[in-house]
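1. can you look at this prediction? I've put the sequence above it.
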Amino acid sequence: MRKLLLLIFLLPALFSSIRVISTENDFILNEEEKYHFTSTAYGRYYDSIPANPNVYKETPTFTDASLSKTAGKLLPDQPFQLTEFHVNEEGTPVFKLKNGQFVPADKNAIYEDTVQSQQEVSQEMWLEPNAAVYDKIPVNGAKKIASKLPAYSKVKVLQRAQTAKGEFAQLEDQSWISVDFLSETDNRMDKVQEILSSKYNKADYSIYVKQLETGKEAGINPDLQMYSASVTKLPYLYYVQEELKSEKLSMDQKLKYIAAVNDFAGAYEPEGSGSIAKSADDKEYSVQDLISRVARESDNVAHNILAYYATNQSDKEFQQTVESIAGKKWDVENRQASARMAGRVMEAVYEQNGMIIEALSQTNYDNQRISKNIDAKVAHKIGDAYDFKHDVAVVYTDSPFVIAVLTNHSDYDTISRIADDVYGVLK
């Protein structure tokens, strides 16, 4: 015991002198005894050859066991083989490499790069971008390979494995990637935002996209308000559907076309789009007919008749209802609205899942703008006036999404391209 205590005090001298002076008897430690003592004190050295070794960082190698002259280096994830274990004359444990060089058997430099645990699973996840892909569990010797699976795509995880580097997952194509590059939730909206930001980031665009299943959003100036033209008819359609649901209106109910319907806050100029007469004719039109004309033709007079009776000339209750859905006050006289406001109202119409949404999915404008090239069901409401061209829609993919595109000084084809790019990710 007295010897051990004295050795602790003399530890710094262990590597410079083998002989230890004691008040009792002199003694000499052999190399194995020195190694045993130092490894016990520090716990930093191996006492056997690790399976599948790797290094944390660039590590020098030496020409001989005394480690006196540098010979080369080991790099992380560079396969190498250890053939022998020694304790050199200085008491330092060393490994001999297959190429005849030496390296300290230091746990701070070399680690055992093996699979610590492995289990079978069955889990759907989503790929993140820039993932490194390997041909097998990424321990030393695994090779990076080109992935056949694009970022933001859904993948099936078959196995999980834990290594010294972290946790990895085997995908359905048998490749392996770090779980850090997998998302448990649908991440495609990140890709949508990348596309919008790189291609459509313009001051005169207000774009809003929402994936309804996840609630994730993307956009460009989504809160920029501009003249919304006939898009302002959308909140009226929503309100009519609520009136039908509460039985304050019925589909076969008749509403008379009188002069007053073209003269209230929220009324459109009769001379605009639509096929109903531009002047009041005292004829009666069913609620169902008026809904169809507003949705399919964007008929101004049909809107005026329906809105005049159903919303009591855009009364306070109507405007408060619309504001609660749109998130902001929708000026129905000046028709100022943003893409986010329009998108939120379209989402509310989608959730109603009534006659309105069906009418909006069969319009006279299905061959242009959002719906032009999309082969899924699209319910949409267009708007045009002056240099303003808009469209707002719900697209019925496996994971439905709302898209609202409001533009100034643009064109229909640009709206189609925006919609096509978003659909290409979310379809």
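-> Yep, it's here.
2. mind listing the strands for the stretch 101-250 of the chain?
-> Along the stretch 101-250 of the chain, the stretches classed as strands by DSSP state E, counting those that start in this stretch are 102-104, 110-112, 115-127, 154-163, 166-171, 176-178, 182-183, 205-211, 217-220, 226-227.
3. mind listing what residue 48 touches?
-> If a contact means C-beta atoms under 8 Å, 6 or more residues apart in numbering, then residue 48 has residue 85 as its contacts. Glycine gets a C-beta too; all of them are placed from N, C-alpha and C.
4. quick check on it: phi, psi?
-> phi -160, psi 170 (degrees, to the nearest 10).
5. list the residues that contact residue 304.
-> Taking C-beta under 8 Å, 6+ apart, we find residue 304 in contact with 261, 262, 264, 267, 268, 270.
6. mind doing that once more with 6 Å?
-> 261, 262, 267 (C-beta atoms under 6 Å, 6 or more residues apart in numbering).
7. what does residue 101 give?
-> Residue 101 makes contact with 61, 71, according to C-beta under 6 Å, 6+ apart.
8. 10 Å instead, please
-> 60, 61, 62, 63, 64, 70, 71, 72, 73, 74, 80, 95 (C-beta atoms under 10 Å, 6 or more residues apart in numbering).
9. hmm, which two among those residues are most spread apart?
-> 64 and 80 (17.5 Å; C-beta to C-beta).
10. if we can go back for a sec, by neighbours, which of the contacts of residue 101 wins?
-> The most crowded member of these is residue 95, carrying 24 neighbours; neighbours defined as other C-beta atoms under 10 Å.
11. model confidence for it, exactly?
-> Predicted confidence (pLDDT) at residue 95: the value is 98.
12. verify the contact between it and residue 67 for me.
-> No: Residue 95 sits out of contact with residue 67 when judged by C-beta atoms under 10 Å, with a separation of 11.0 Å.
13. and for the two, which residues touch both?
-> Common contacts of residue 95 and residue 67 (C-beta under 10 Å, 6+ apart): 61, 102, 103, 104.
14. quick check, residue 191 in contact with residue 183.
-> No: counting by C-beta under 10 Å, residue 183 is not a contact partner of residue 191; they are 11.6 Å apart.
15. so which of the two has more stuff around it?
-> Between residue 191 and residue 183, counting by other C-beta under 10 Å, residue 191 is the more crowded of the two (20 against 15).
16. all helices of the stretch 301-427 of the chain, in order?
-> Counting by DSSP state H, counting those that start in this stretch, one finds helices in the stretch 301-427 of the chain at the ranges 316-326, 339-352, 355-360, 412-426.
17. mind putting those helices into CSV with mean neighbour count?
-> Output for the helices of the stretch 301-427 of the chain, formatted as CSV (neighbours: other C-beta atoms under 10 Å):
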stretch, mean neighbour count
helix 316-326, 16
helix 339-352, 24
helix 355-360, 20
helix 412-426, 19
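18. how about those, which one is nearest residue 254?
-> In terms of C-beta to C-beta, the element of the helices of the stretch 301-427 of the chain nearest to residue 254 is helix 355-360, at 16.8 Å.
19. tell me what that closest one is packed against?
-> Secondary-structure packing of helix 355-360 (3 or more C-beta pairs under 10 Å, 6 or more residues apart in numbering; DSSP states H and E): helix 233-245, helix 287-297, helix 339-352, strand 377-385, strand 388-396.
20. hang on, the earlier thing: which one of the contacts of residue 304 is nearest to residue 213?
-> residue 267 (37.5 Å).
21. which helix or strand contains that closest one?
-> Assigned by DSSP states H and E, residue 267 belongs to no helix or strand.
22. surely it touches residue 333?
-> Yes: here residue 267 lies in contact with residue 333, judged by C-beta under 10 Å, at a distance of 9.0 Å.
23. buried stuff in stretch 176-191?
-> For stretch 176-191, the buried set under the neighbour-count rule, 16 or more other C-beta atoms under 10 Å, comprises 176, 177, 178, 179, 181, 182, 186, 187, 188, 189, 190, 191.
24. tell me which two of the residues you listed sit farthest apart.
-> Pairwise distances across the buried residues of stretch 176-191 peak at 26.4 Å for 176 and 189 (criterion: C-beta to C-beta).
25. need the helices for the stretch 1-150 of the chain, in chain order.
-> Listed in chain order (using DSSP H, counting those that start in this stretch), the helices of the stretch 1-150 of the chain are 2-9, 31-42.
26. these two touch, right, residue 327 and residue 235?
-> No: in this structure, residue 327 sits apart from residue 235 without contact. The criterion is C-beta under 10 Å, and the distance is 12.0 Å.
27. what do these two both touch?
-> 341, 344, 345.
28. pick out whichever of those sits closest to residue 214.
-> Of all those, residue 344 has the smallest distance to residue 214: 15.9 Å, by C-beta to C-beta.
29. please report the distance of the closest one from residue 72.
-> Using C-beta to C-beta, to the nearest Å, one obtains 64 Å as the distance from residue 344 to residue 72.
30. next: residue 199.
-> In this structure, residue 199 lies at 50 Å from residue 72, with C-beta to C-beta as the measure.
31. how about residue 116?
-> With distances defined as C-beta to C-beta, the gap from residue 116 to residue 72 amounts to 29 Å.
32. okay, now the domains of this protein?
-> 2-112, 115-183, 190-426 (automatic domain parsing).
33. out of those, deepest packed?
-> Between the domains of the chain, the one whose residues have the most neighbours on average, counting mean count of other C-beta atoms under 10 Å, is domain 190-426 (a mean of 19).
34. if we can go back for a sec, can you list the strands of the stretch 101-250 of the chain in TSV and add mean pLDDT?
-> Shown next, in TSV, are those (pLDDT from 0 to 100):
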stretch	mean pLDDT
strand 102-104	98
strand 110-112	96
strand 115-127	97
strand 154-163	97
strand 166-171	98
strand 176-178	98
strand 182-183	98
strand 205-211	98
strand 217-220	98
strand 226-227	98
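35. contact partners for residue 69?
-> With contact taken as C-beta under 10 Å, 6+ apart, residue 69 is in contact with 62, 63.
36. distance of it from residue 109?
-> Per C-beta to C-beta, residue 69 is found 18 Å from residue 109.
37. same check on residue 59?
-> Here residue 59 is placed at a distance of 5 Å from residue 109 (C-beta to C-beta).
38. and for those two, which residues touch both?
-> If you check residue 59 and residue 109 against C-beta under 10 Å, 6+ apart, the residues they both contact are 74, 103.
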